[in-house]
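Trainee: fold the following and give me the result.
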Amino acid sequence: MLEDVMKRLEALGFTVTSVDEWVLRFCIDKVESHIKNNCNLTAVPKGLREVAVDLICGEFLFGKMNAGALDYVRAVKRIKEGDTDVEYAEGYSDAELMGKLINDLRSRQIDFAAYRKIIW
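Mentor: Purely as a prediction, here's the structure:
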């Protein structure tokens, strides 16, 4: 799971360092426990793997943002390849855009519904 999380973070524009690995492992354990507890399961189902990866990334970035250790990357609204024309998203600060991304990554619990078990 760690490798998938690192690839997802890199795809989102965050470079993972060796210092981040302990925190990522902690986030993985935290999210796996959260899923298992919410669904009353003993293991994370294969169908929730991508959801787990997004939740882990969201938890990791949320912690980094709250610690003030997150560099914001300006969001690109449009890219034109011929003669290179880049337009940046306007109307939102970099922090607001990062907050929206993190919120989206952390808001995937609706996907748990198909995997929940009722315990009597």
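Trainee: name the helices or strands packed onto the longest helix seen in the chain?
Mentor: Secondary structure of the chain read by DSSP state H shows that its longest helix is helix 20-39. In terms of contact count using 3 or more Cβ pairs under 8 Å, 6 or more residues apart in numbering; DSSP states H and E, helix 20-39 is assigned the packing partners helix 2-11, helix 49-66. Any C-beta I mention is one placed from the backbone N, CA and C, and that applies to glycine too.
Trainee: quick one: contacts of the shortest one?
Mentor: Just to be clear, that refers to helix 2-11. The list of residues contacting helix 2-11 from outside it, by Cβ atoms under 8 Å, 6 or more residues apart in numbering, reads 16, 21, 24-25, 27-28, 49, 53-54, 56-57, 60-61.
Trainee: so which of those residues wins on neighbours?
Mentor: Scoring the contacts of helix 2-11 on neighbours with other Cβ atoms under 10 Å, the highest-scoring entry is Ile56 at 28 neighbours.
Trainee: save the helices and strands packed on helix 20-39 as TSV, and put in distance to Cys39 too.
Mentor: Below are those laid out as TSV (distance: least, Cβ to Cβ, whole Å):
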stretch	distance to Cys39
helix 2-11	20
helix 49-66	11
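Trainee: the longest helix of the chain: which residues count as buried?
Mentor: Of all the residues in helix 20-39, those buried under the rule 16 or more other Cβ atoms under 10 Å are Asp20, Leu24, Cys27, Ile28, Val31, Glu32, His34, Ile35, Cys39.
Trainee: what does stretch 6-15 give?
Mentor: Of the residues in stretch 6-15, those with enough neighbours to count as buried (16+ other Cβ under 10 Å) are Met6, Arg8, Leu9, Phe14.
Trainee: let me know the secondary structure of the closest residue to Lys64 other than its chain neighbours.
Mentor: Using Cβ to Cβ, 6 or more residues apart in numbering and skipping residues adjacent in sequence, the residue nearest Lys64 is Leu70, 4.2 Å away. The three-state label given to Leu70 by DSSP: H, G, I helix; E, B strand; the rest coil is coil.
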